[in-house]
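Fold the following, please.
(2 chains)
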Protein chains: 2
Amino acid sequence: MAQAIFRSILLVSGSSVYGLLDYGDMIADTTRVSAYARALEARITPSSVVLDIGTGPGFLALLACRAGAARVYAVEPDDVIQVAREVAAANGFTDRIQFVQAVTTDVVLPERVDGIVADIRGTLPLFGRSLVSVVDARSRLLKPGGWIVPARDTIWAALASSTAAHKRIIQAWTTEYGFDLSAVRVRAANQWSRQRLDADDLLVEPQCWAVLDYDSLQGPNVSGPMNWTIEHAAVGHGFGVWFDAETAPGIGFSNSPASHERLVYGQGFFAWPDPIALLPGDEVRIHLRADLIEDDYLWGWDTQVVDGASGRAKAAYRQSSWLAAQPNRERLRKRADTFVPRLNEAARIDRCILDLMHQRMPSGEIATQILAAFPSSFKNWDAALTRVGDLSDRYSE
Amino acid sequence: MAQAIFRSILLVSGSSVYGLLDYGDMIADTTRVSAYARALEARITPSSVVLDIGTGPGFLALLACRAGAARVYAVEPDDVIQVAREVAAANGFTDRIQFVQAVTTDVVLPERVDGIVADIRGTLPLFGRSLVSVVDARSRLLKPGGWIVPARDTIWAALASSTAAHKRIIQAWTTEYGFDLSAVRVRAANQWSRQRLDADDLLVEPQCWAVLDYDSLQGPNVSGPMNWTIEHAAVGHGFGVWFDAETAPGIGFSNSPASHERLVYGQGFFAWPDPIALLPGDEVRIHLRADLIEDDYLWGWDTQVVDGASGRAKAAYRQSSWLAAQPNRERLRKRADTFVPRLNEAARIDRCILDLMHQRMPSGEIATQILAAFPSSFKNWDAALTRVGDLSDRYSE
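A predicted model of the protein is given here:
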C-alpha cells in the first residue's frame, strides 16, 4: 500500500522535480534578478494588480509583493506551483498572491491587471508558445495602457568561430571509427543548440536580427536578413544568437558573449555543416527565420558567402530544423485524412473506461470491471486503478 | 497546406531530435566506444545473433556487424530509429540489422539471440526501467549461457567536498534577497543530480555500494550501507556515486573522478542539506537505497556522522527523492478509488472520436463530424484532423 501511494505521488509529480536545479540557476543569476526587481519597483504602485506568467516556484511573484503590489495572479501549469504556494505562505504573502495552475491562455481572471511580468524564455525569447502567451495575456487580461516586464527583447547575432561547438555538433558524426554516419550528421547540422560563446569567438560586430517590443508585438514569427563584410581572416563555424532584455525603460541586461558576464540564458549556436575560411572583403549574408508550428518553432537559416575579390559564391547553405526531423512514415500515414483507423487494445480499454466514467461510476469499480474485461492487460487491480487514474487526470473536471 | 504537413511531421517527430547532441557526446567518448567495440569483438563469432537494446542512431549495432555478427535485432522506441535505418543502409548492413521500434519488454523475436548489448544507462546504471529491460531480455530473448555486454557494472561512492555543487543545489535557495525559500531548498536537497567531481573533491577512499552482474541480476532495486573513518579534516558537502563498467571480462572503463578521465556519464552527487565539518577519527555512516516505482527510482540516503572523540552524533540526515516531490492534492484526489469522475469537454470529444473510429470511418470524415459537434473547440477542420491524428497515433493498430 505504501508502494501504491508512492506510485500515485510520483505519477502526479511528473518531471517537474528535475527543474529545481534550473530554477536555482535562474535565481542565482543576480544580474537577471536585479533587472527584474528594479523593473518591478519602477512599475508597481500600492494599487497595482499584477499577472505573473509562468511563476515556477514563485520568485517573481515575491518580488512583485515586496515592490508593493496589492494583488498578484501567479499562473503556472506545472506542479511546482505547490512549492510556490508554500513559499508565498512562508513569506506572509498568502493574502496577496492568488495561484492558478494552468497555462495563461486558458485562464480567465476576475479583473484586468495593471501589469504583467514573465520570464518564460528558453535560451532565446522565441521559445515554445511564450510569445503567444504574452500577446494573448496583453489583449485579454491587461488593462489598456498597462505595463509588461520585460518591455522589450532585442535579438542579436554574430558570426562565430568555435572549434569546440562545431566539433561537438557536427564532427562527432565524422567518426574516426570508419563508419558513414552522414545521415545523423545532416540532422545534427540542422538543429541549433545552446552553447556558451566567448567574446573572442565573435568574428564580426553583432547585428540586430529582431526587436520584440511586448507592447506592440503581434505574432510569434520572426524573419530577417543580416549581412557582414569580413575584416580579419578567420575560420567561421556558424553564428551565435542571443538577446538583450530591457525589463523596464533604462533597466535591463545583456546576454552578449562580448559582455563578459555569463547569464543563465547562454547563446544559441547555429552551426554550418563545414567550417568556412573567411577572408577580408568576403561578404556573408544570412537569412534567419523562426515560424511557430503548434508548440515548437521551425527554424530556417540560409547562408551565402561571397568572395570579396571575385564576387563569386564561396559557400551556400540552406539549413532548417525541418531537416533535423526524423519523419516516421507509419505515424504520418496514421495522420492522413484518408486513414481508416482500426482500434487497438489500448483504445478498447480506454473506450470502456470512458463509458463507465460517463455512467458516473467510482474509479475503484471501473478498475474492477476493466480488470475482468481485459485480464491479460493488467497485472492486478492496482494496475487497473492506475490506468483509470491516468484517464481521470486527463479527462475529469 | 505546407504548414499542415510541417505540423504533422513535427508532431510525429516528438522530442527525439534534441537527443542528437547527447548521442554525439556518447560516440565522441572514445574510452566508452573502445570498451564496447573490444567487448563485441571478444564475444561475437560469425554465427552470432545479437540483440541491441536501445540502439538510438544505431552505433552499437554497427560495431556488432563489424565484429562479424550474422544478425542484429536493433530495438529502439524513439523515432531516432529512422536515422539508424539510414545509417545501416549507408554502411551496407541493411541485410544484417533488423530494426524494431518498441521497448524490448514488448518485443517478441523469431529466435533467441547469442548475446545482448545495451548502453541504456543515465548517469548511473539505475536509470528508469533499464535494469528491468536487461533482466527481461535475458530471460525471454537470450539463449541459455548467452553473453551480455556490459557483463558487470560496479557502483562506487565517496564522500566529497564541492562548494560549487553544494552552492548550486542548496545555497541558491538561501538567497541574498531576504526571502524564505526553505520550501524549495528542502526539495532541492532531496534530489540527487549529475555533477562533475574531480579527484581532489574526494575526501576518502571510494567504497563499493553495489555490483550489478548482468548474468545473475534479478531485480532492479539496490540497497546497502557504507562507512568511512575520516583521516584528514575537511568540509563535506555530501557524496558522489559513479560506476565502473566491465563490458567483457578484462575490458572496461571507469567513471571515477580519481581516474582523471572525463567520460560522458559524469557522477551522481547526493548533497547534504548543510556542509559538515569533518575531523580525523569521525565516522560517517551512509545507507543508500534505490527502489524502482513504475518508471522512476525512488532514492533514499541516510547519513550519520559520529564524533571520533566523544562517540556522539554530530549530524544525522534522512534524505529521499520522496521529499522532493510536489504532491498535487487535486490530482491525487482524482486517482483515489472512491473518486467519481465527471467527464470534461476533452473527454466528450475523444469519446466521440473513438466511437466514430470504432465504426471504421476515415479520419477526414471524423474531423468533419467533430468540428460540427464541438464548434467552439476547434479553429478549423485542420485542427480537428490534428486531434483525430493524435488519437490515431495512440489508438490504431
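
In contact with A:Asp213, which residues?
Residues counted as contacts of A:Asp213 (Cβ atoms under 8 Å, 6 or more residues apart in numbering or on different chains) are A:Ala151, A:Arg152. Heads up, the C-betas are built off the backbone N, CA and C, glycines and all.

Kindly state the beta-bridge partners for it.
Under DSSP bridges, the beta-bridge partners of A:Asp213 are A:Arg152.

any idea how far it is from A:Leu20?
A:Asp213 sits 33 Å away from A:Leu20, going by Cβ to Cβ, to the nearest Å.

now do A:Ala160
Separation of A:Ala160 from A:Leu20 (Cβ to Cβ): 32 Å.

what's the longest strand in chain A?
Looking across chain A with DSSP state E, the single longest strand is strand A:234-248.

Give me the buried positions along that one.
For strand A:234-248, burial by neighbour count (16 or more other Cβ atoms under 10 Å in any protein chain shown) applies to A:234, A:236-248.

can you pull out the helices in the stretch 151-300 of chain A?
A:163-169, A:182-188 (DSSP state H, counting those that start in this stretch).

Give me the helices and strands touching the last one, please.
Helices and strands in packing contact with helix A:182-188 are listed as helix B:20-28, helix B:81-90; criterion 3 or more Cβ pairs under 8 Å, 6 or more residues apart in numbering or on different chains; DSSP states H and E.

Now do the longest one and helix B:20-28, the angle between them.
In this case it means helix B:81-90. 40 degrees (axes from the mean of the first three to the mean of the last three Cα atoms, to 10 degrees).

Report the next helix or strand after helix B:81-90 in sequence order.
Where DSSP states H and E defines the elements, the next helix or strand beyond helix B:81-90 is strand B:97-100.

close to chain B, is the longest strand of chain A?
No - using Cβ under 8 Å from any Cβ of the partner chain, we find that strand A:234-248 stays clear of chain B, coming within 14.3 Å at best.

Report the rounded mean pLDDT for that strand.
Mean per-residue pLDDT for strand A:234-248: 98.

partner strands of that strand, parallel or antiparallel?
Taking DSSP bridges as the criterion, strand A:234-248 forms sheet pairs with strand A:152-160 (antiparallel), strand A:251-254 (antiparallel), strand A:267-278 (antiparallel).

could I get those as TSV with mean neighbour count and mean pLDDT?
Converted to TSV, the strands paired with strand A:234-248 look like this (neighbours: other Cβ atoms under 10 Å in any protein chain shown; pLDDT from 0 to 100):
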stretch	mean neighbour count	mean pLDDT
strand A:152-160	23	98
strand A:251-254	20	97
strand A:267-278	21	96
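
can you redo those as a markdown table with distance to B:Arg351?
Below are the strands paired with strand A:234-248 laid out as a markdown table (distance: least, Cβ to Cβ, whole Å):
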| stretch | distance to B:Arg351 |
| --- | --- |
| strand A:152-160 | 43 |
| strand A:251-254 | 49 |
| strand A:267-278 | 42 |
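
Quick one: closest of those to A:Ala64.
Taking Cβ to Cβ, strand A:251-254 is the member of the strands paired with strand A:234-248 nearest to A:Ala64, at 15.1 Å.

hang on, A:Asp382 is in a strand, isn't it?
No - counting by DSSP: H, G, I helix; E, B strand; the rest coil, A:Asp382 falls outside a strand, being helix.

what's the pLDDT at it?
You'll see A:Asp382 listed with a pLDDT of 91.

neighbours around it, how many?
A count of nearby residues for A:Asp382, using other Cβ atoms under 10 Å in any protein chain shown, gives 15.

same deal with A:Pro225?
Neighbourhood size, A:Pro225 [other Cβ under 10 Å]: 12.

where does chain A have low pLDDT?
Applying pLDDT under 70 to chain A picks out residues A:1-18.

Of the helices and strands packed on helix A:182-188, flag the one that's most buried.
For the helices and strands packed on helix A:182-188, the largest average neighbour count (mean count of other Cβ atoms under 10 Å in any protein chain shown) is found in helix B:81-90, namely a mean of 21.

In stretch A:43-53, which residues are buried?
Under 16+ other Cβ under 10 Å, the buried positions of stretch A:43-53 are A:Arg43, A:Ile44, A:Ser48, A:Val49, A:Val50, A:Leu51, A:Asp52, A:Ile53.

Check stretch A:253-269 too.
Within stretch A:253-269, the residues that count as buried by 16+ other Cβ under 10 Å are A:253-258, A:263-269.

The residue nearest to A:Gly24 when sequence neighbours are not counted and A:Gln369, how far apart?
Closest residue to A:Gly24 apart from its sequence neighbours, by Cβ to Cβ, 6 or more residues apart in numbering or on different chains: B:Ala172 at 3.5 Å. From B:Ala172 across to A:Gln369, the span is 49 Å (Cβ to Cβ).

With A:Ile53 instead?
42 Å.

Would you confirm that A:Val135 contacts A:Pro220?
Yes - at 7.4 Å, A:Val135 counts as touching A:Pro220 under the criterion of Cβ atoms under 8 Å.

These two - which one has more neighbours?
Using other Cβ under 10 Å, the more surrounded residue of A:Val135 and A:Pro220 is A:Pro220, with 21 against 17.

what does the stretch 101-250 of chain A have sitting close to chain B?
A:101, A:167-169, A:172-173, A:175-177, A:179-184, A:187-188, A:191, A:193.

Just the buried ones from those?
Among these, those classed as buried by 16+ other Cβ under 10 Å are A:101, A:167-169, A:172-173, A:175, A:179-181, A:183-184, A:187-188, A:191, A:193.

Check those residues and tell me the two furthest apart.
That would be A:Gln101 and A:Asp180, which, of those, are the farthest apart (Cβ to Cβ) at 49.1 Å.

coming back round to it: closest one to B:Lys314 among the helices and strands packed on helix A:182-188?
Of all those, helix B:20-28 sits nearest to B:Lys314, with 40.2 Å by Cβ to Cβ.

What separation is there between the residue in the stretch 201-350 of chain A that chain B sits nearest to and A:Ile293?
Proximity of the stretch 201-350 of chain A to chain B (Cβ to the nearest Cβ) peaks at A:Asp337, 3.0 Å away. Here the criterion is Cβ to Cβ. By it, A:Asp337 lies 18 Å from A:Ile293.

Next: A:Arg394.
24 Å.

Looking at those two, which is more packed in?
Neighbour count, other Cβ under 10 Å: between A:Arg394 and A:Ile293, A:Ile293 has more, with 18 against 12.

mind putting the buried residues of stretch A:43-53 in a markdown table, distance to A:Gly128 and secondary structure included?
Formatted as a markdown table, these follow (distance: Cβ to Cβ, whole Å; DSSP: H, G, I helix; E, B strand; the rest coil):
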| residue | distance to A:Gly128 | secondary structure |
| --- | --- | --- |
| A:Arg43 | 26 | helix |
| A:Ile44 | 27 | coil |
| A:Ser48 | 28 | coil |
| A:Val49 | 26 | strand |
| A:Val50 | 23 | strand |
| A:Leu51 | 18 | strand |
| A:Asp52 | 18 | strand |
| A:Ile53 | 12 | strand |
